[in-house]
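Engineer: Any chance you can model this:
(one chain, ligands or ions: 1)
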Amino acid sequence: MVDFTLTEEQQSMRELAHDFAEKEIRPVAWEYDRDATWPQEIIEKAWELGLMNIHLPTEYGGPGLSYLDGCLIEEELSWGCSGIGTSLGCNGLATAPVALAASDELKREYLGRLTEAPLLASFCLTEPDAGSDVSGMKTTARRVGDKWVINGSKCFITNGGYASWYTVYAKTDKEAGHRGISCFVVPRDAGVVVDKHEDKMGQRASNTATVTFNDVEIPANHLVGEENHGFKVAMMTLDRTRPAVAAMATGVARAAMEFAIDYSKQRTQFGVPIAMHQAIQFMIADMATKVHLSRLATWNSAVLLDQGKRNTIESSHAKRFAADSAMEVCTDAVQVYGGYGFIKDYPVEKLMRDAKILQLYEGTAQIQRLVIARETLLPRRVAQPTAAPA
Ligand code: COS
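Structural biologist: The predicted structure follows:
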């Protein structure tokens with residue numbers, strides 16, 4: 001049975017997230033964007049309310065909420081501000097590989113930490129020469145006795161400057177392409193160096209850093225899953241986190257649409273509010289359709305995960321469509337505002353800058369199309385990775 005009715009719990013969770021976005025995020029969002037302020041206070045409050053680490057399993061102290069629940073929360077938080085929403089949601093990306101494939105011991109230690117205090121973790125996959133082409137990474141991990149020694153540098157790392165631990169992908173067999181990548185948990189105090197904080201076009205309240213590993217030693221048991229199986233862990237992680245990005249994109253698009261609607265009812269040209277002109281009505285209609293379909297595709301991709309099914313293509317459909325739609329809706333919202341839309345005193349200019357990254361991070365719009373094309377032309381079955389022995 002297909003049924004999109006939310007349960008009472010889901011409705012109140014959505015209201016809680018909306019309330020938080022309205023009272024705690026919206027009032028500071030434009031100021032934080034201007035000054036690129038790190039939202040530490042908001043992170044602490046969101047953590048207290050249970051709006052972070054939402055998928056952490058109950059056996060490790062988390063609330064164990066479903067992927068659909070997560071999407072409801074992400075949409076509301078990003079309706080408030082997607083930069084702050086990214087800071088709040090990033091633990092989900094860092095912890096997914098650990099929850100998927102790490103030993104019980106590692107889960108207990110590192111997932112547990114995030115439930116005890118408002119700490120952050122980061123996902124380190126991208127490198128200067130390895131963005132879309134994950135297999136091109138140069139970071140290495142060498143086994144020396146009972147340790148792994150990590151060398152290399154990762155860029156565009158969300159929350160990188162504030163994370164207490166990192167999920168790091170590195171080559172453990174340089175000759176084996178994607179089959180020579182492994183995943184590790186690296187605590188910051190093992191000697192991780194944070195090199196650079198990026199000055200970004202949008203989502204300026206989120207932190208994006210370069211992190212470097214110079215002979216960083218970690219215990220042998222910090223390997224996540226099996227040696228040389230890291231690529232699949234990364235891909236399975238992205239299947240699980242792209243619905244959340246799609247939900248964020250839906251939130252940004254919805255915010256832009258609401259601003260455009262309000263403005264179109266106030267602004268008068270040719271003797272009537274511009275909402276009376278069909279030129280504007282059609283733009284608003286397209287916005288409404290895009291928000292609606294983004295949400296449906298997002299929920300569909302999340303529900304499949306909640307049912308324990310593979311969602312690779314649905315996840316890419318949702319992420320691709322919602323991110324492209326957010327960019328289009330925000331651009332049209334600026335158009336509805338006319339020249340005022342281009343001015344920083346009005347709200348939609350920020351949303352248009354924020355929306356751009358949604359088409360880039362967690363797989364560009366082109367990578368999503370690549371995944372969709374491959375899955376459409378040649379659907380494949382993929383085995384689940386097994387956890388490393390404790
Ligand atoms: N789940 C599980 N396994 C998967 C998978 C998925 N969703 N997608 C691919 N795999 C497996 C394949 O089955 C294949 O397995 P074998 O080694 O057994 O053959 C292996 O992974 C390699 O797959 P593929 O040949 O498709 O790999 P490519 O190198 O061509 O890369 C893309 C595929 C481009 C899709 C991948 O590199 C990618 O997603 N890049 C974007 C990365 C990204 O999103 N970066 C953003 C930074 S994270 S914030």
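
Engineer: what residues does the chain put near the ligand?
Structural biologist: When proximity is defined as C-beta under 6 Å from any ligand atom, the chain approaches the ligand at 125-126, 132, 134-135, 178-179, 231-232, 235-236, 238-239, 312, 361-363, 367, 370-371, 380, 382. C-beta: built from backbone N, CA, C; applies to glycine.

Engineer: excluding its backbone neighbours, what's nearest Tyr32?
Structural biologist: Across the structure, with C-beta to C-beta, 6 or more residues apart in numbering as the measure, the residue nearest Tyr32 apart from its sequence neighbours is Ala205 (4.0 Å).

Engineer: who's in contact with the one you found?
Structural biologist: The contact partners of Ala205, taken as C-beta atoms under 8 Å, 6 or more residues apart in numbering, are 29, 32-33, 36-39, 81, 83-84, 87.

Engineer: immediately after the host helix or strand of Pro97, which helix or strand?
Structural biologist: Assigned by DSSP states H and E, Pro97 belongs to helix 82-101. Tracing the chain C-terminally past helix 82-101 and defining elements by DSSP H and E, one meets helix 104-106 next.

Engineer: So for that following helix, mean pLDDT?
Structural biologist: For helix 104-106, mean pLDDT rounds to 97.

Engineer: List the buried residues of the next helix or strand after that helix.
Structural biologist: Per DSSP H and E, helix 104-106 leads on to helix 112-116 as the next helix or strand towards the C-terminus. Along helix 112-116, the positions that meet the burial threshold by neighbour count (16 or more other C-beta atoms under 10 Å) are 113-115.

Engineer: Give the closest residue to the residue nearest to the spatial centre of the chain in space, chain neighbours not counted.
Structural biologist: A centroid search over the chain (C-alpha atoms, centre = their mean) returns Val245, at 4.6 Å, as the residue closest to the centre. For Val245, the nearest residue in space outside its immediate sequence neighbours is Glu362; the separation is 4.9 Å by C-beta to C-beta, 6+ apart.

Engineer: any idea which element that neighbour lies in?
Structural biologist: Under the criterion DSSP H and E, no helix or strand holds Glu362.

Engineer: what's the next secondary structure element after the helix or strand of the chain with the lowest mean pLDDT?
Structural biologist: For the chain, using mean pLDDT, DSSP states H and E, the weakest element among its helices and strands is strand 193-197, scoring a mean of 94. Tracing the chain past strand 193-197, the next element assigned as helix or strand by DSSP H and E is strand 208-219.

Engineer: what packs against that following strand?
Structural biologist: strand 147-158, strand 181-187, strand 193-197 (3 or more C-beta pairs under 8 Å, 6 or more residues apart in numbering; DSSP states H and E).
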